[in-house]
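K.L.:
Model the structure of this input:
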Amino acid sequence: MTIITDYIKSAPAEQQEYLEIIYQIAKETLPDATEKMSYGMPTFHQGENIVHFAGMKKHLGFYPTPSAISAFSEALSPYKTSKGAVQFPYTKPLPRTLIQEMIAFRKNELHL
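P.N.:
Next up, the predicted model:
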């Protein structure tokens with residue numbers, strides 16, 4: 001058990017599948033990163049915070065920093081975004097490839 005898996009298990013049932021999917025994608029893409037909680041959210045850290053994610057009431061919040069949101073703005077157009085965040089609603093399947101590409105972008109950006 002890790003602190004992130006504890007977070008996922010304690011989340012409402014309807015959020016757990018989405019949290020588990022994004023957790024596995026991040027874990028596969030960032031095998032050397034440290035897993036921790038930061039700002040109350042599961043976080044992958046390696047030298048600095050790479051990405052955060054969190055279960056919200058109606059969506060999965062994904063926080064890959066403003067640079068990733070900007071770089072993937074066209075692909076993210078179907079989703080609600082803000083400066084450093086994207087909302088993936090629980091009513092749609094998670095865009096796994098897009099999430100993986102955004103995490104890889106952050107990894108490359110940090111020269112990891």
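K.L.:
sec struct for the closest residue to Y63 other than its chain neighbours, please.
P.N.:
Leaving aside its chain neighbours, Y63 sits nearest to H52 (4.0 Å; criterion: Cβ to Cβ, 6 or more residues apart in numbering). Where you see a C-beta, it was placed from the backbone N, CA and C, and this is true even at glycine. With DSSP: H, G, I helix; E, B strand; the rest coil as the basis, H52 sits in strand.
K.L.:
Now name the helix or strand holding the residue nearest to G55 when sequence neighbours are not counted.
P.N.:
Excluding the flanking residues, the one nearest G55 by Cβ to Cβ, 6+ apart is Q15, at 3.7 Å. Q15 is part of helix 13-29, with elements assigned from DSSP states H and E.
K.L.:
which helices and strands does that helix pack with?
P.N.:
Using 3 or more Cβ pairs under 8 Å, 6 or more residues apart in numbering; DSSP states H and E, the elements in contact with helix 13-29 are helix 3-10, strand 41-45, strand 49-55, strand 59-63, helix 96-109.
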